[in-house]
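S.K.: model this:
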Amino acid sequence: MLRKTLVALALGLGLAIIIVAFAVKDRRPVLVCLGDSLTSCGGPNGHYSDYLQRELPDIRVINSGIGGDTLEGAWARFERDVLRYKPRAVLIALGANDFWQNSREVSEMRQDLENMIIELQARNCRIVVADCFGDRDLWNEVSTEFSPRRNKLAADIGAMQTELCRKYGCVYVPNLQLDIKPNRLPPYWDETDHPSPKGNEQVAMRLLPAIRKAWEQ
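M.R.: Next comes the predicted model:
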C-alpha cells in the first residue's frame, strides 16, 4: 500500500513538473537578428537587439550575430541560427564584411541574400534588411569610414540590397548607422571601432519603426 502511494506521489510530482515547465516556456513570437559584429557588439545588455527587446516586450528577440560574418557565412549557418527558432520575423543586417573583404562579386552576395529571403518567405516570415551603404551620397559625405576608391563597391552593395527588397517586398533600412555618424567618436563608438551600448541604442531606435512595419504586414 505504501509502495503504491509513493509511486502515485512520484507520478503526480512528475506530471506537475511537466505542467509547470510547459507553462513557463517562452511562447512569444520570435524576431531573429542575423548579422556580423555590428549585431554582436556592445557587450551584455548593450547589443541593439537588447534595446529592441526592451521596446518589444511581447516579442522574443534573439541575437544571431557573429563577428566577421558575411552573407555567404550567414547563409551557411541559416538553418542553425535562424530557421530552428521558427521566427515570425528576421532582421538581416549583413554586407559590411563582404565590403571590406571585397573577395566576391556583388552578384554572388546577391544570391546569398536572395536565398535567405526566399527561404523565409516560404515560411511566411516577415523580413527586414538593413545595411550600411544604401541611401548615401558617398561622393559628397564630409566623413566616410572608407576611402573614396571604395565608393562604387559600397554603392553597388546598397543598390543590390535595395533592389532585392523591392523585388520581394521586404522592409529596408538603409544606412542603419546614420544617427551615430561619424564613426569612431564617443559616446556612440568604443575602442574596438564598433558602436558602444549608447550607439547601439540609437541603431535600435532607427530599426524599430521598420520592424514594427514588417510585423504588421
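S.K.: where does the protein have low pLDDT?
M.R.: Applying pLDDT under 70 to the chain flags residues 1-24.
S.K.: in it, which spans are helices?
M.R.: Counting by DSSP state H, the segments of the chain that form helices are 2-24, 37-40, 48-55, 71-76, 78-81, 96-101, 106-122, 151-168, 197-215.
S.K.: can you count the residues close to the nearest residue to residue 86 once chain neighbours are set aside?
M.R.: Nearest non-adjacent residue to residue 86, counting by Cβ to Cβ, 6 or more residues apart in numbering: residue 30, 6.6 Å away. (C-beta placed from N, C-alpha, C; glycine too.) By other Cβ atoms under 10 Å, 18 other residues sit near residue 30.
S.K.: quick one: residues contacting the spatially most central residue of the chain.
M.R.: Central residue of the chain (Cα atoms, centre = their mean): residue 33, 2.3 Å from the mean position. By Cβ atoms under 8 Å, 6 or more residues apart in numbering, the residues touching residue 33 are 39, 47-49, 52, 61-65, 90-91, 93.
S.K.: what about the residue nearest to residue 86, distance to residue 177?
M.R.: Between residue 30 and residue 177 the computed distance is 25 Å (Cβ to Cβ, to the nearest Å).
S.K.: then residue 148?
M.R.: 19 Å.
S.K.: sorry, back to before: top of the contacts of residue 33 by neighbour count?
M.R.: Highest neighbour count within the contacts of residue 33, by other Cβ under 10 Å: residue 48, with 32 neighbours.
S.K.: that one: what's it in contact with?
M.R.: Neighbouring residues of residue 48 by Cβ under 8 Å, 6+ apart: 33, 39, 42, 195, 200, 201, 203, 204, 207.
S.K.: just give me the closest of those to residue 157.
M.R.: Ranked by distance to residue 157 (Cβ to Cβ), the contacts of residue 48 are led by residue 39 at 17.0 Å.
S.K.: in this structure residue 175 contacts residue 132, no?
M.R.: Yes. With contact defined as Cβ atoms under 8 Å, residue 175 reaches residue 132; the gap is 6.5 Å.
S.K.: comparing the two, which residue is more hemmed in?
M.R.: Neighbours were counted for residue 175 and for residue 132 using other Cβ under 10 Å; residue 132 has more, 22 against 16.
S.K.: count the neighbours of the residue nearest to that one when sequence neighbours are not counted for me.
M.R.: Nearest non-adjacent residue to residue 132, counting by Cβ to Cβ, 6+ apart: residue 96, 5.5 Å away. Burial of residue 96 is recorded as 22 neighbouring residues (other Cβ under 10 Å).
S.K.: cool, residue 215 as well?
M.R.: Quick note: residue 215 (other Cβ under 10 Å) scores 17 neighbours.
S.K.: contact partners for it?
M.R.: Contact analysis of residue 215 by Cβ under 8 Å, 6+ apart lists 59, 88, 89, 126.
S.K.: at 7 Å instead, please
M.R.: Shown in contact with residue 215 (Cβ atoms under 7 Å, 6 or more residues apart in numbering): 89, 126.
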